[in-house]
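Participant: sequence unknown, structure follows:
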DNA sequence: GTGGTCTAGACCACG
DNA sequence: GTGGTCTAGACCACA
């Protein structure tokens, strides 16, 4: 289910957080769906349960999941408000990346097209301006 | 000139690398312009010269500056091409960010407009004089 | 295991880099094999751990090893391709050396034979034209 | 006449030594031909005369030129004996380079061809002594 | 006076 | 116990 890069400089719990966050964002893990338990996931990935625990705690702290003691961890449904702060950060990161791509010689039109494709990819095909 | 976040979990040399890279990309630091010397910058930021040197060395490895022993460190002019690998990484990062922004409820059209404005803001005029 | 020349003008970390690179290239250190830990090697060579770390970091930058924080450093398996730049440098160096050998009076045929023997020594022994 | 790379990490006097050695080896500078005086060369390259001086001293030490006080520096004719030590070093360097090229995926036959071309490139031409 | 190397010793995140 | 970060302070080659 998850593929971790043992060679990566990024700590494993961090990789786990990103992977799960991606699954939630891409709607692979549906709202209120239960995540694998710490023990099960630790068994599948053959890594320390503490590492899973840490990743789940981090995800909870960032608002992507919620834990019910004695039951498990579940995907927290997205709430379209209260994300202003996170969005500001993402906008800044996006801006930095775009600037660097341009600096490295990527054609601006190509960058735009790529973003559009990403934004509208499963919406019905309106990629026009 | 530079502001470092001492509380951040990112190491100081890494923060320095990102800051300087940004200045180069945004053409604040011009090609072949000399960077502050290791000792001067260490003095200004009141951190150890070795930390500055590590940041400069990293920037040199990544191709953004070059160091001439006994003279100083200078901005390496960008060479279009041979950046394919780096661009691929950036494209992936961009994809992930855009997906998350969409998930958090950011209006797609607004994202596009923002990027366009940024990309074409100094389209007509050359940035350096 | 490693012998460093303290009198050499080449910095110790650079000598280490070359030595280890040679061991990897000659398959003495196998792919994914763990290198001695920074502290162990520092102990054996009676030099500062930071010097070892610098060498390891340099090897990582050059793509010969990878480091997993908390686990150790390992030989990165060679990936054919993407080495064009490095190969161009080596070809130029080879050209310069051969030219000097010829200038110093080394018999050309002897040079060829030596290289052939080396290249095909573990391939079946075809040393013919 | 000479092109120095100011960006290179190699010290300028070292670059000078290599460049002049190459000219001698390739017979561009003939035996007993006079080299430019320190002052003239310093003027042409717009670098410090001390740097030229150091390069010439190094070349003399390595046996490629000889200096006549009050007259200038001259190319020392190659003596096909007494080069055994230098040749052994070059053979070792050659061996290392070939091994790395092979490791990086260069076809052995191509390496051989390259060396042969280099060795015999002006075989039929003038070998006057 | 510059960048570069090296040492000695401390602390931290990670698994 | 690992690699990684940072400090404080020393010495060297180079131009």
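Facilitator: Nice, I can see it. All figures in this text were calculated on a predicted structure; none of them were measured in a lab.

Participant: Right, and DNA strand F sits closest to which residue of chain A?
Facilitator: residue A:9 (6.4 Å; C-beta to the nearest atom of the strand). C-betas here are computed from N, CA, C, even on glycine.

Participant: so where's chain A shaky on pLDDT?
Facilitator: Per-residue confidence for chain A (pLDDT under 70) gives these ranges: A:1, A:122-129.

Participant: What residues does it have near chain D?
Facilitator: Neighbours of chain D within chain A, by C-beta under 8 Å from any C-beta of the partner chain: none found.

Participant: Can you tell me the SS state at the residue of chain A closest to DNA strand F?
Facilitator: Under DSSP: H, G, I helix; E, B strand; the rest coil, residue A:9 falls in the coil class.

Participant: Any figure for the gap between it and chain D?
Facilitator: Distance of residue A:9 to chain D, given as C-beta to the nearest C-beta, to the nearest Å: 24 Å.

Participant: Next, give phi and psi for that residue.
Facilitator: Main-chain torsions, residue A:9, degrees, to the nearest 10: phi -70, psi -20.

Participant: ok, it touching residue C:69?
Facilitator: Yes: using C-beta atoms under 8 Å, residue A:9 is in contact with residue C:69, at 6.8 Å.

Participant: Touching the helix or strand harbouring residue A:102 from outside, list them.
Facilitator: Residue A:102 is part of helix A:84-103 when elements are defined by DSSP states H and E. With contact meaning C-beta atoms under 8 Å, 6 or more residues apart in numbering or on different chains, helix A:84-103 is reached by A:108, A:111, B:21-22, B:25-26, B:78, B:87, B:90-91, B:93-94, B:97-98, B:100-101, B:104, B:106, B:111, B:114-115, B:118-119.

Participant: how does it look with 7 Å?
Facilitator: Contacts with helix A:84-103, where a contact means C-beta atoms under 7 Å, 6 or more residues apart in numbering or on different chains, come from A:108, A:111, B:22, B:25-26, B:78, B:87, B:90, B:93-94, B:97, B:100-101, B:104, B:106, B:114-115, B:118-119.

Participant: Show the subsequent helix or strand relative to that helix.
Facilitator: Proceeding N to C from helix A:84-103, the next assigned helix or strand is helix A:108-120, under DSSP H and E.

Participant: Mind giving me the packing neighbours of that next one?
Facilitator: Counting contacts by 3 or more C-beta pairs under 7 Å, 6 or more residues apart in numbering or on different chains; DSSP states H and E, helix A:108-120 packs against helix A:84-103, helix B:84-103, helix B:108-120.

Participant: burial of the closest residue to residue A:25 other than its chain neighbours, as a residue count?
Facilitator: Excluding the flanking residues, the one nearest residue A:25 by C-beta to C-beta, 6 or more residues apart in numbering or on different chains is residue B:103, at 4.3 Å. Using other C-beta atoms under 10 Å in any protein chain shown, residue B:103 has 18 neighbouring residues.

Participant: Repeat that for the one 4 residues further on.
Facilitator: Residue B:107 is surrounded by 11 other residues when neighbours are defined as other C-beta under 10 Å.

Participant: distance of it from residue D:24?
Facilitator: Using C-beta to C-beta, to the nearest Å, residue B:107 is found at 70 Å from residue D:24.

Participant: and if you look at residue A:82?
Facilitator: For residue A:82, the distance to residue D:24 equals 75 Å [C-beta to C-beta].

Participant: what does residue A:62 give?
Facilitator: For residue A:62, the distance to residue D:24 - C-beta to C-beta - is 67 Å.

Participant: Which one of these two is surrounded by more residues?
Facilitator: Per other C-beta under 10 Å, whichever of residue A:62 and residue D:24 has more neighbours is residue D:24, with 23 against 12.

Participant: Go through the helix or strand containing the more buried one and flag the buried ones.
Facilitator: Secondary structure assigned from DSSP H and E places residue D:24 in helix D:12-25. For helix D:12-25, the neighbour count (16 or more other C-beta atoms under 10 Å in any protein chain shown) marks D:12, D:13, D:15, D:16, D:17, D:20, D:21, D:23, D:24, D:25 as buried.

Participant: coming back round to it: mark which of the contacts of helix A:84-103 are buried, thanks.
Facilitator: Buried subset of the contacts of helix A:84-103 (neighbour count, 16+ other C-beta under 10 Å): A:108, A:111, B:25, B:78, B:90, B:93-94, B:97, B:100-101, B:104, B:106, B:115, B:118-119.

Participant: who's in contact with stretch A:14-29?
Facilitator: With C-beta under 7 Å, 6+ apart, stretch A:14-29 has contacts from A:2, A:4-5, A:8, A:52, A:55, A:58-59, A:64, A:75, B:96, B:99-100, B:103.

Participant: Fine by me, we can end here.
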